[in-house]
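K.L.:
My questions are about this predicted structure, shown below with the sequence.
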Amino acid sequence: MKGRDAALDGIRALAALGVWVLHVGGHTGLMYRDGMYAWMMSRLGIAVPIFFLLSGLLLYRPWARAVLEDAPAPRPARYLWRRILRVMPAYWLVTVPVLLAWSSLDWTGWVKWLLLLQNYTEQEQAPDGLYQMWTMPVEMAFYLVLPVLAWLLHRWARGGDRPVRLLVGIAVLPVVSLTSVVVSHALQQYQLALWLPHHLVFFAAGMAMAVLSVWGKGGKAVDAMAPQLLVLALLLYAVLSTELAGPRELTLPSLSQSLWRLVLESSVAVLVVAPFALAPRRDSLRHRVLGNPVAAYMGRVSFSFFLWHAPVITLFYKLTGSPLFTGDFVQIVTVTFVVTALLSAASYHLVEESALRLSGRGSGAAPPPPAPSPQPAAPAPAP
């Protein structure tokens with residue numbers, strides 16, 4: 001589809017499927033069993049950094065182009081309007097019926113969930129079927145602050161070598177994330193893991209890739225080393241799938257585990273996305289594999305897939321009466337995939353595409369927002 005990168009859509013599709021497998025594995029208890037396979041399943045929350053990185057890459061790139069190529073910068077009001085239309089209609093389509101069916105919130109609770117404020121109040125257990133939604137306030141917070149960050153970076157870059165100064169300015173953001181981790185542990189305010197500063201490192205990695213892609217630097221080297229980078233990503237994912245990066249159970253990680261997890265997740269996300277974002281050779285094997293029509297389409301509907309998969313899993317357990325941490329993994333994977341995929345396709349074509357047309361953009365011009373996973377680096381994730 002014109003205006004899209006099929007391989008990046010393929011990455012988004014794989015990450016979305018990883019989120020779904022993570023939650024089926026959590027509900028069936030499979031990811032809490034012994035063995036490396038279970039540990040690696042429990043780290044499929046790597047989808048969070050990947051999707052946040054993609055947001056930083058795709059959304060900051062027009063501003064990077066404005067600095068480096070003197071192109072027109074996005075108008076903040078129009079940009080924010082498009083972001084709201086891109087996210088909120090589909091989010092409300094799922095959240096409203098789920099809250100009606102499975103929650104007993106008062107009006108303040110409804111306001112909190114409908115306006116994406118659930119991360120900023122006293123933390124309570126999420127309503128059934130909405131445990132994945134903690135990442136939505138993080139994503140929306142980035143949308144809101146990006147025009148300010150872009151303006152500050154633009155002013156900073158005017159003082160010299162623009163690409164280098166942009167990268168130096170962006171390098172401040174990971175320091176904010178590291179500081180957030182340390183502060184959350186020092187003050188025992190673990191809900192800070194649900195706020196944007198904790199995750200800025202992932203968005204910053206995408207913003208840096210946006211600068212490099214516009215600048216045109218590093219593409220040949222990344223292309224030549226693409227297989228090695230992807231193998232290294234797999235090896236680091238294996239390291240991530242150990243206690244070095246924290247427990248699998250509902251216990252809090254230590255400070256060192258949280259820091260290791262932040263570093264490892266950032267590294268894996270960069271190594272996975274860089275060969276496609278910085279060396280976009282559509283004739284390469286990696287692009288043909290991830291950019292195939294099925295994967296690309298799955299990437300386009302991934303936001304709806306993210307929204308619907310948790311309610312579908314929850315509904316399966318309620319209808320069958322199965323206790324949590326039980327159930328046949330293969331059966332639940334099969335049933336929930338088919339139902340979620342059908343709902344996602346309908347939601348995408350009937351709601352998301354209509355919202356995109358209302359915003360003045362065709363469906364091919366606007367990348368889907370991330371389909372994040374409910375697995376923050378700290379506190380420990382809920383199944």
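P.N.:
Happy to help now that I have it. Residues are numbered from 1 along each chain as shown.

K.L.:
what's the single longest helix in this structure?
P.N.:
Taking DSSP state H as the criterion, the chain has its longest helix at helix 76-102.

K.L.:
Run through the neighbouring helices and strands of the helix or strand where residue 168 lies.
P.N.:
Applying DSSP states H and E as the criterion places residue 168 in helix 162-170. Judged by 3 or more Cβ pairs under 8 Å, 6 or more residues apart in numbering; DSSP states H and E, the packing partners of helix 162-170 are helix 47-69, helix 135-157, helix 196-215. Bear in mind the C-beta positions are built from the backbone N, C-alpha and C, glycine included.

K.L.:
between those helices, which gets nearest to residue 111?
P.N.:
Of all these, helix 135-157 sits nearest to residue 111, with 13.3 Å by Cβ to Cβ.

K.L.:
so how far is that closest one off the chain centroid?
P.N.:
Distance of helix 135-157 from the chain centroid (Cα atoms, centre = their mean, to the nearest Å) equals 16 Å.

K.L.:
Check stretch 208-223 too.
P.N.:
Distance, stretch centre to chain centre, for stretch 208-223: 22 Å (Cα atoms, centre = their mean).

K.L.:
same deal with stretch 266-286?
P.N.:
Distance, stretch centre to chain centre, for stretch 266-286: 17 Å (Cα atoms, centre = their mean).

K.L.:
Sort out which residues of that stretch are buried, please.
P.N.:
For stretch 266-286, a neighbour-count test (16 or more other Cβ atoms under 10 Å) marks 266-280, 284, 286 as buried.

K.L.:
separation between the most centrally placed residue in the chain and residue 265?
P.N.:
Central residue of the chain (Cα atoms, centre = their mean): residue 51, 2.9 Å from the mean position. As judged by Cβ to Cβ, to the nearest Å, residue 51 and residue 265 stand 12 Å apart.

K.L.:
For the helices and strands packed on helix 162-170, could you give me TSV that also reports distance to residue 226 and mean pLDDT?
P.N.:
Formatted as TSV, these follow (distance: least, Cβ to Cβ, whole Å; pLDDT from 0 to 100):
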stretch	distance to residue 226	mean pLDDT
helix 47-69	17	95
helix 135-157	28	96
helix 196-215	14	97
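
K.L.:
Would you tell me which of those gets closest to residue 6?
P.N.:
Closest to residue 6 of those is helix 47-69 (Cβ to Cβ; 13.7 Å).

K.L.:
Next, the buried residues of that closest one.
P.N.:
Under the neighbour-count criterion of 16+ other Cβ under 10 Å, helix 47-69 has 47-68 buried.

K.L.:
With stretch 135-148 instead?
P.N.:
Within stretch 135-148, judged by 16+ other Cβ under 10 Å, the buried ones are 135-143, 146-147.

K.L.:
will you turn these into CSV that also has distance to residue 89?
P.N.:
CSV is the format used below for the buried residues of stretch 135-148 (distance: Cβ to Cβ, whole Å):
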residue, distance to residue 89
135, 18
136, 13
137, 17
138, 19
139, 15
140, 14
141, 19
142, 19
143, 15
146, 21
147, 22
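
K.L.:
List just the nearest of the residues you listed to residue 337.
P.N.:
Once Cβ to Cβ is applied, the member of the buried residues of stretch 135-148 that ends up nearest residue 337 is residue 135, at 20.9 Å.

K.L.:
Hmm, the closest one is touching residue 50, no?
P.N.:
No. If you go by Cβ atoms under 8 Å, residue 135 and residue 50 don't touch, sitting 11.9 Å apart.

K.L.:
And for the helix holding residue 168, what's in contact with it?
P.N.:
Residues outside helix 162-170 that contact it (Cβ atoms under 8 Å, 6 or more residues apart in numbering) are 64, 67-68, 152-153, 156-157, 159, 204, 207-208, 211-212, 215, 217.

K.L.:
now swap in stretch 220-228 and tell me
P.N.:
By Cβ under 8 Å, 6+ apart, stretch 220-228 touches 229, 274-275, 278-279, 281, 284, 286.

K.L.:
least confident pick among those residues?
P.N.:
Least confident entry in the contacts of stretch 220-228, by pLDDT: residue 281, with 80.

K.L.:
That residue: what secondary structure?
P.N.:
Secondary structure state of residue 281, per DSSP: H, G, I helix; E, B strand; the rest coil, is coil.

K.L.:
Surely it and residue 291 touch.
P.N.:
No. In this structure residue 281 lies outside contact range of residue 291 using Cβ under 8 Å: 10.5 Å.

K.L.:
Quick check: neighbours shared by these two?
P.N.:
With contacts defined as Cβ under 8 Å, 6+ apart, no residue is shared by residue 281 and residue 291.

K.L.:
pLDDT below threshold where in this structure?
P.N.:
Scanning the chain for pLDDT under 70 picks out the ranges 1-3, 360-383.

K.L.:
swap the cut-off to 80 and go again
P.N.:
1-4, 122-124, 159-160, 218, 249-250, 280, 282, 359-383 (pLDDT under 80).

K.L.:
residue contacts, residue 5?
P.N.:
By Cβ under 8 Å, 6+ apart, the residues touching residue 5 are 276, 280, 291.

K.L.:
Just put those in JSON lines and tack on distance to residue 299.
P.N.:
Shown next, in JSON lines, are these (distance: Cβ to Cβ, whole Å):
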{"residue": "276", "distance to residue 299": "12"}
{"residue": "280", "distance to residue 299": "15"}
{"residue": "291", "distance to residue 299": "9"}
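
K.L.:
so where does the nearest residue to residue 94 once chain neighbours are set aside fall, helix or strand?
P.N.:
Leaving aside its chain neighbours, residue 94 sits nearest to residue 307 (4.3 Å; criterion: Cβ to Cβ, 6 or more residues apart in numbering). Here residue 307 sits within helix 302-320, counting by DSSP H and E.
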